[in-house]
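S.K.: mind folding the following:
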Amino acid sequence: MHYSSGMKAAILKRILPPNDESVAVVSRECGVSTNTLYNWKKQAAEGRLDFDNSAIRPNDRNPGEKLTLLLESKNLSQEDRGEWLRSRGLHSEHLPQWEQELRDLVTNKEKQQRQEINELKRQKKELQRELDRKEKALAEMAALLTLKKKADAIWGDEEDD
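M.R.: Next comes the predicted model:
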């Protein structure tokens with residue numbers, strides 16, 4: 001499969017210093033095999049892979065970059081925003097699209113966290129029930145042992161006869 005130089009640049013930016021993200025993690029997130037990423041990393045180190053960072057496609061940017069660009073754009077006036085967009089190779093429709101993507105990402109994360117919390121509460125409840133059951137069984141065994149010792153003390157041990 002052929003990948004654009006912009007995509008290669010975006011991925012290499014993540015796995016090379018200063019970011020130094022794990023190749024395996026980036027591979028899973030981007031859908032590019034780890035072997036391909038290691039080859040790109042080797043080619044970049046040898047200077048055989050040439051690309052310019054300005055060629056990064058808007059949709060190849062990671063959520064952190066998108067958020068940073070969105071925040072930068074909010075501080076600009078309408079006249080300055082056009083120049084700013086052109087200098088970064090963006091179009092005005094990218095900003096609302098990214099805003100929605102980030103909103104969806106946060107919403108999905110919140111839903112996932114709520115589900116995890118509910119699952120953990122359910123597991124805690126089950127474990128507490130099991131612990132209570134075991135504590136009752138242990139208390140019953142302790143009471144039976146105490147009664148047996150008292151009975152043996154009163155009537156004597158049957159083994160002594």
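S.K.: C-alpha only now, for contacts and for neighbours.
M.R.: Fine.
S.K.: just the helices from the protein, written as ranges.
M.R.: Shown for the chain, the helices assigned by DSSP state H span residues 5-15, 23-30, 34-46, 63-74, 78-87, 94-155.
S.K.: in the protein, where is pLDDT below threshold?
M.R.: Scanning the chain for pLDDT under 70 picks out the ranges 1-2, 4-6, 50-57, 59-60, 158-161.
S.K.: do that again at 80, thanks
M.R.: By pLDDT under 80, the low-scoring segments of the chain are 1-10, 29-30, 47-62, 64-65, 86-89, 157-161.
S.K.: ok, how many other residues are close to residue 8?
M.R.: Neighbour count for residue 8, taken as other C-alpha atoms under 10 Å: 21.
S.K.: can I see the domain layout of the protein?
M.R.: Domain assignment for the chain, taken from automatic domain parsing, gives 1-60, 62-153.
S.K.: looking at the ones you listed, which is buried most?
M.R.: Comparing the domains of the chain by mean neighbour count (mean count of other C-alpha atoms under 10 Å), domain 1-60 ranks first with a mean of 14.
S.K.: nice, that's everything, thank you.
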